[in-house]
Structures are given as structure tokens and as C-alpha cells.
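Colleague: sequence unknown, structure follows:
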């Protein structure tokens, strides 16, 4: 087989592989967009039903009432699979 034909075949395989990766990327991106929209809708529904906002960092959750007198009035906690450990509540006072 001539070298140019082999090169074309290798390039065609690379193009096919790139198309597959791109399709997977697009599908994953769509799933992430749907997930983000669902989470946003859920958070809005929780706020409308309870009056609490729920914010999250990588490891902590922050629960704050819309009726809080100060911005510093919130409950900060770390969720685990079996229980929640309260870290801070009401003006950063430590609670266990």
C-alpha cells in the first residue's frame, strides 16, 4: 500500500475519532445544561415555598431566610451521606 493511502486512512480514523469525541462532548454538555436548569428551578421553588435560599460551595451548604434581619444570619452546614453536621448558625456562632 502506498504511503499516501496509508496516511489518508490514518487521517480518516483520526477524523472519525474526533467526531465521536465531539458527539460525546455535545451530549455531555446538553446533560449539564439540563441539570443546571433543573437545579435552578428547584432552588427557586424551595425559596418560594419556604422563604429560604440554599447556596452551596464544594463542601458546605448555607441556608438563609428571606426574613433574616442581617446578612450574617444564616445556617452553615456540611452534609454527609448519613447526617448533617451544623457548623455555624446565627451570626457565625458555632453549633454542634
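Modeller: Cool, got the structure. Quick caveat, the model's predicted, so the values are computed rather than measured.
Colleague: ok, residue 62 to residue 54 distance?
Modeller: Remark: distance between residue 62 and residue 54 (CB to CB, to the nearest Å) = 7 Å. To be clear about C-beta, it is placed using only N, CA and C from the backbone, and glycine gets the same treatment.
Colleague: Pick out whichever of the two has more residues nearby.
Modeller: Comparing residue 62 with residue 54 by neighbour count (other CB atoms under 10 Å), the higher total belongs to residue 62, at 16 against 13.
Colleague: In contact with the residue lying closest to that one once chain neighbours are set aside, which residues?
Modeller: Excluding the flanking residues, the one nearest residue 62 by CB to CB, 6 or more residues apart in numbering is residue 55, at 4.4 Å. If a contact means CB atoms under 8 Å, 6 or more residues apart in numbering, then residue 55 has 61, 62, 64 as its contacts.
Colleague: quick check: domain ranges of this structure?
Modeller: According to automatic domain parsing, the chain comprises the domains 1-50, 51-96.
Colleague: want to throw the ones you listed into CSV with mean pLDDT?
Modeller: Below are the domains of the chain laid out as CSV (pLDDT from 0 to 100):
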stretch, mean pLDDT
domain 1-50, 91
domain 51-96, 77
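Colleague: For this protein, which segments count as helices?
Modeller: Counting by DSSP state H, the chain has these helices, from start to end: 3-50.
Colleague: okay, which residue is most central for it?
Modeller: Compute the mean C-alpha point of the chain, and by CA atoms, centre = their mean the closest residue is residue 36, 6.7 Å away.
Colleague: State the distance from that residue to residue 44.
Modeller: Using CB to CB, which is the criterion applied here, residue 36 is 13 Å from residue 44.
Colleague: Quick check: residue 47 vs residue 78, distance?
Modeller: Computed with CB to CB, the distance linking residue 47 and residue 78 is 21 Å.
Colleague: One more: residue 20?
Modeller: Distance check for residue 20 against residue 78: by CB to CB, it reads 40 Å.
Colleague: quick one: which of the two has more around it?
Modeller: The residue with the greater number of neighbours, taking residue 20 and residue 78 and applying other CB under 10 Å, is residue 78; the counts read 13 against 10.
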